[in-house]
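>>> Got a predicted structure here, sequence first:
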Amino acid sequence: MKLLLAVDGSEYSQEAVSLITAHFNSSTTEIRLLHVLSPGASSTPPQPARRNPPEIEEIEKGVPFSAEHLADALRRAGFRVDSAVETGEVRSTIIDFAVSWGADLIVIGSHAHEGLSRFLLGSVAESVVRHAPCSVLVVRRPAPKAKPN
């Protein structure tokens with residue numbers, strides 16, 4: 001199975017990695033971990049030949065889980081993982097990457113925006129679900145556990 005994991009460095013990305021390691025077979029699942037940089041996120045032009053271009057390092061300073069941290073966690077669990085960093089509009093870049101790579105499944109975190117903010121900002125996960133060429137698994141952060149009485 002070819003699984004495209006779209007990450008943004010948030011806790012939702014970490015939750016997606018946890019779900020993959022718990023529910024997918026590492027010997028039959030090939031993973032491409034995709035981090036999409038939005039235009040204007042950095043003033044430095046992309047440098048794809050380097051492992052960690054300066055703009056990726058700068059952006060990932062502000063996120064709790066870097067793309068390489070997430071890829072390493074999957075590798076430690078026995079998965080074959082390739083990382084890719086693309087620059088572009090996030091929704092269309094994820095979909096285009098899934099098409100060009102021939103993904104069987106896209107895994108993406110949900111930030112669970114609701115109401116007016118979701119209407120105004122749109123939802124990357126919702127757009128990917130609507131337009132993806134394959135199935136999409138949207139990962140939510142687990143609900144906090146209730147304290148025993």
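Everything's here; your move.
>>> what about the helices in this protein?
Secondary structure of the chain by DSSP state H: the helices cover 11-23, 54-60, 67-76, 90-101, 115-121, 124-131.
>>> Tell me how far Gly109 lies from Gly78.
Gly109 is 22 Å from Gly78, where distance means Cβ to Cβ, to the nearest Å. All C-beta spots, glycine's among them, are computed from the backbone N, C-alpha and C.
>>> between these two, which one's more packed in?
Gly109 (25 against 12; other Cβ atoms under 10 Å).
>>> My guess is the more buried one contacts Val138. True?
Yes. With contact defined as Cβ atoms under 8 Å, Gly109 reaches Val138; the gap is 7.5 Å.
>>> Common neighbours of the two, please.
Common contacts of Gly109 and Val138, defined by Cβ atoms under 8 Å, 6 or more residues apart in numbering, comprise Ala125.
>>> So what's the residue count around Glu86?
With other Cβ under 10 Å as criterion, Glu86 counts 15.
>>> Tell me what it is bridged to.
Glu86 has these beta-bridge partners by DSSP bridges: Val36.
>>> Just list the residues touching it, thanks.
For Glu86, the contact set (Cβ under 8 Å, 6+ apart) comprises 34-37, 93, 97.
>>> go with 7 Å
By Cβ atoms under 7 Å, 6 or more residues apart in numbering, Glu86 lies in contact with 34, 36, 93, 97.
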